[in-house]
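Novice: quick one: sequence plus predicted model below, questions after.
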Amino acid sequence: MQMAMNQVKECSEHSEQKTEPFSQTEIQARLNRSRYEELQMLSSTVPLDDLHLPANSHDIRILLRPLAKNRSLSPGQNSLWMMLRTEAAGPDEASHKVLAVRQTHRNICFPVMMQNQQHPGRDLSFDLYFDPQSDNLVILNRSDTPFTLLRLSDKPENLRRVQFDINPGSSKTLAPGTWRASMDAVDLVDFRILERAMPSSHSHSSPSAHPQCCTLGHTPEVTGKRQLEDQDGNENDAPEKKRRPTDPDDQKGDEDGVTLILPAKNNLLALNSSEKDKAVVKSTGHALLDLQPGDTLQIPISNGEALVDYSITKMGPIASTSAATVFTAELSDHTDIPNGIVVVKVLKTKHSTTNGNESAAAHHVVRQAHSWLREFRSQSNLNHPSIVRLYGGDARYLSLYMEHVDAKDLTVRGVWRSDSDWFIGSHEDAKTILLDITNALHYMHGKGRIHNDIKPGNILYSPERGAVLCDMGLSSRDKDAPSTGGTPWYIPPEFLGLMQRGAPSDVWALGVTMLYVLRRMQWPDARAHKAHPKHLHWMIAEVNARTPAVSRGMPPTHSRETPAMRMRKWLNEVTVVRNGLDMTDPLERLVHGMLAPNPKDRVSTATILNHIKSLTAKISSDG
């Protein structure tokens, strides 16, 4: 089966599949039909918990029924009207109409909007986010006013009824069952959260059944890859890669994302090689995360007419943190993927720092969902030999399926980095890396996208393939507000005070990377560790804060330094190294221009490419 790209819509966005305009008569007929359906639902008094779903409804996750006659409910594109009956219904008992919501590969959440026709501005609006690692949903209040949620499933005589208010912009984790949303003491809508169709996961082969295939520059034991570091904000554990805020409102304007695959049932089936090999593995609640090397999952899907399937076989781990897991896998029946091998990246919605903090846990689900959406959108329309290709992804599992690159990143010890943190490649390697990554950036910038996290750890390299840029998780459009994400040592000077970032910022970051590649400085990220003799680290988001957070765990000599002071100290170090570059060496002269403090004086990607081409032509003519 060929992989295909399909559009993903914003949670707050509703679109009609039909592209031809409707006549006024058809529009009115649809409105009347929708209103009649709502009135039918309003007349029903049967609890949603009592309604029975047909056996083939594995992907139905939410049932909704409006309660207020003066409010209209706008269904989304992944919902449908269903006539359901109670399980013990007799042949003469009427069916009950509800709005059923499917969890599909296209959607990270489902939006609910109920307009208040009597009191404009008092509309009920919320999003229900699917959590790939549990049966729970997370509700996010998008209204301008608070509303109340009441749990109906728990019987009062057995358990005190749960009720709470949700303020605008706040989120809350909701367990399966029926809930009622009210505003201004008026009951507006009941909705029932259904459990997922849980797959079984068994380990039936040893980890050596498949080679521990290492891509993205990592051996299996290396689990601290910087691009997957936890987003804890703990500056003492690892280099920072702080993601920008993921409030859904921040996503407005970027409306046409895409996702791969397979309009599918939410049902995964583990294929077992033999019963005697089965060893039950403790479940994370996530089918892809539960896979062991050698395990195969067959994913049934529906193309609207018939059931088909594709399978994914885990080969070997690459990296894993509390934020994400990356592994290699083989996908069947996808002829556009060389050897059928891909790199699978799965974002996790459970985080160690949110244990016991219900609000933080709910926010993390929303944040990870939008991180997945942003990374998918950033990479889905990029097609360049020096950028890791994205084949697709699945919103249901917050998974991304990427090109398998047979190369290591520039920070892998023993390959491109020495034990003392120096680059161990050649001058020819340096020229190739600069040329290939500049080409990739020139392509991205031409499409209006900024990478925001250029560094050695995000560059894969082998002499055979060349340099390949990866990890688009922090990329943004050039018209977006300046990102506060990235890695501290590669942030440009114009961010300090001016809060400026853009295409010149990527050039600066590549310039710092080239100081490492040209062996003019050791790997900057090593300075994050407390044991480093020249430990230096700061939080990017706090550089321009009026009252920066108190330094945590810093040595006494650094405890009084603000993030801005530490960044200035680092920029001074870069300036010293820059001033020591050999201006008679063409590459070092280019890097000198890439590190101009004023972004207006900084060389552009086009200038870099022209100089390298001229240099290559001169070498060829001299030869």
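Specialist: Alright, I've got the coordinates. Numbers count the residues shown, from 1 in each chain.

Novice: contacts and neighbour counts: CA atoms only from here.
Specialist: OK.

Novice: where do the helices sit along this protein?
Specialist: Counting by DSSP state H, the chain has helices at residues 24-42, 287-290, 358-380, 427-446, 503-517, 563-579, 586-594, 605-622.

Novice: quick one, which of those helices is nearest to L188?
Specialist: L188 lies closest, by Cα to Cα, to one member of those: helix 24-42, at 10.4 Å.

Novice: how about the helices of the chain, which one is nearest L137?
Specialist: The nearest among the helices of the chain, by Cα to Cα, is helix 358-380 at 8.8 Å.

Novice: report the inter-axis angle for that closest one versus helix 427-446.
Specialist: For helix 358-380 against helix 427-446, the angle by axes from the mean of the first three to the mean of the last three Cα atoms, to 10 degrees is 100 degrees.

Novice: does M472 touch H451 like I think?
Specialist: Yes. Assessed by Cα atoms under 8 Å, M472 is found in contact with H451 at 6.4 Å.

Novice: neighbour count winner among these two?
Specialist: For M472 versus H451, neighbours defined as other Cα atoms under 10 Å are more numerous around H451 (25 against 22).

Novice: and this protein, what are its domains?
Specialist: Domain segmentation of the chain under the TED database yields 58-193, 198-202+285-404, 407-545+560-622.

Novice: is it possible to get JSON lines of those domains that adds distance to T45 and mean pLDDT?
Specialist: Shown next, in JSON lines, are the domains of the chain (distance: least, Cα to Cα, whole Å; pLDDT from 0 to 100):
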{"stretch": "domain 58-193", "distance to T45": "9", "mean pLDDT": "87"}
{"stretch": "domain 198-202+285-404", "distance to T45": "30", "mean pLDDT": "83"}
{"stretch": "domain 407-545+560-622", "distance to T45": "47", "mean pLDDT": "95"}
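
Novice: span of stretch 439-459 from start to end?
Specialist: 13 Å (Cα to Cα, to the nearest Å).

Novice: residues in contact with that stretch: which ones?
Specialist: Contact partners of stretch 439-459, identified using Cα atoms under 8 Å, 6 or more residues apart in numbering, comprise 225-227, 378, 382, 384, 386-387, 409-411, 467-472, 474-479, 483, 485-487, 490, 502-503, 505-506, 509-510, 512-513, 605-606, 609.

Novice: and for stretch 172-179?
Specialist: Under the criterion Cα under 8 Å, 6+ apart, residues 48-49, 135-140, 149-153, 166, 190-195, 358-359, 361-363 lie in contact with stretch 172-179.

Novice: what sits against the closest residue to L64 other than its chain neighbours?
Specialist: In space, and not counting its chain neighbours, L64 is closest to F191: 4.3 Å by Cα to Cα, 6 or more residues apart in numbering. By Cα under 8 Å, 6+ apart, the residues touching F191 are 48, 62-65, 178-180.

Novice: what's the farthest-apart pair in the residues you listed?
Specialist: The widest separation within these (Cα to Cα) is 12.9 Å, between I62 and R180.

Novice: tell me which residue lies nearest the centroid of this structure.
Specialist: Nearest to the geometric centre of the chain sits W372, at 1.8 Å (Cα atoms, centre = their mean).

Novice: mind listing what that residue touches?
Specialist: 347, 395, 398-400, 473.

Novice: any idea how many residues pack against G356?
Specialist: Residues near G356, counting by other Cα under 10 Å, number 9.

Novice: how near is A329 to V343?
Specialist: Distance from A329 to V343, by Cα to Cα: 6 Å.

Novice: kindly apply the preceding question to K408 instead.
Specialist: K408 is 14 Å from V343, by Cα to Cα.

Novice: more neighbours, the two?
Specialist: For the pair K408 and V343, the greater number of neighbours falls to V343 (27 against 24), based on other Cα under 10 Å.

Novice: my guess is that one meets S399, correct?
Specialist: No. The criterion here is Cα under 8 Å, and V343 misses it with S399 at 10.2 Å.

Novice: if we can go back for a sec, among the contacts of W372, which ones are in strands?
Specialist: Under the assignment DSSP state E, the contacts of W372 contribute 347, 399-400 to strands.

Novice: pull stretch 589-598 out as CSV, backbone CA atoms only.
Specialist: What follows is stretch 589-598 as a C-alpha-only set of coordinates in CSV (Å, rounded to 0.1, in the frame of the first residue of the first chain):
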residue,chain,number,x,y,z
ARG,A,589,36.8,33.4,6.4
LEU,A,590,33.3,32.3,5.6
VAL,A,591,32.6,31.3,9.2
HIS,A,592,34.0,34.7,10.4
GLY,A,593,31.2,36.3,8.3
MET,A,594,28.6,33.9,9.6
LEU,A,595,29.4,35.1,13.2
ALA,A,596,29.0,38.8,12.6
PRO,A,597,27.4,40.2,15.7
ASN,A,598,25.0,42.4,13.7
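
Novice: who touches that stretch?
Specialist: Contacts with stretch 589-598, where a contact means Cα under 8 Å, 6+ apart, come from 492-494, 507-508, 510-512, 514-515, 578-579, 581-583, 601-604, 608, 611.

Novice: what's the neighbour count on D406?
Specialist: Other residues near D406 come to 15 when the count uses other Cα under 10 Å.

Novice: tell me the pLDDT at it?
Specialist: If you check D406, the pLDDT there is 93.

Novice: so what does the residue nearest to S475 when sequence neighbours are not counted have for phi and psi?
Specialist: Of all residues beyond its chain neighbours, the one nearest S475 is H451 (4.3 Å), with distances taken as Cα to Cα, 6+ apart. When read as degrees, to the nearest 10, the backbone of H451 gives phi -80, psi -50.

Novice: any idea how far H451 is from A440?
Specialist: Plainly put, H451 is 10 Å away from A440 if you go by Cα to Cα.

Novice: cool, P385 as well?
Specialist: In this structure, P385 and A440 are 8 Å apart, going by Cα to Cα.

Novice: looking at the two, which has the bigger crowd around it?
Specialist: Neighbour count, other Cα under 10 Å: between P385 and A440, A440 has more, with 22 against 15.

Novice: which residues sit in contact with L331?
Specialist: Per Cα under 8 Å, 6+ apart, neighbours of L331: 310-313, 340-342.

Novice: quick check: bridge partners of it?
Specialist: Bridge pairing for L331 (DSSP bridges) gives the partners I312.

Novice: equivalent analysis for T86, please.
Specialist: According to DSSP bridges, beta-bridge pairing links T86 with L51.

Novice: with R449 instead?
Specialist: Beta-bridge partners, per DSSP bridges, of R449: R477.

Novice: from now on call the first residue 294
Specialist: All set: I'll call the first residue 294, so the last point we hit is now R742.

Novice: of the contacts of stretch 465-472, which belong to strands?
Specialist: 430-433, 442-444, 459, 483-486.

Novice: dump these to JSON lines, plus distance to H828.
Specialist: JSON lines is the format used below for the ones in strands among the contacts of stretch 465-472 (distance: Cα to Cα, whole Å):
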{"residue": "L430", "distance to H828": "42"}
{"residue": "V431", "distance to H828": "40"}
{"residue": "I432", "distance to H828": "42"}
{"residue": "L433", "distance to H828": "40"}
{"residue": "L442", "distance to H828": "49"}
{"residue": "L443", "distance to H828": "51"}
{"residue": "R444", "distance to H828": "51"}
{"residue": "I459", "distance to H828": "43"}
{"residue": "D483", "distance to H828": "55"}
{"residue": "F484", "distance to H828": "53"}
{"residue": "R485", "distance to H828": "52"}
{"residue": "I486", "distance to H828": "49"}
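
Novice: tally of neighbours for the spatially closest residue to A474 that is not a sequence neighbour?
Specialist: Spatial nearest neighbour of A474, excluding adjacent residues (Cα to Cα, 6+ apart): L442 at 4.7 Å. Other residues within reach of L442, judged by other Cα under 10 Å, total 19.
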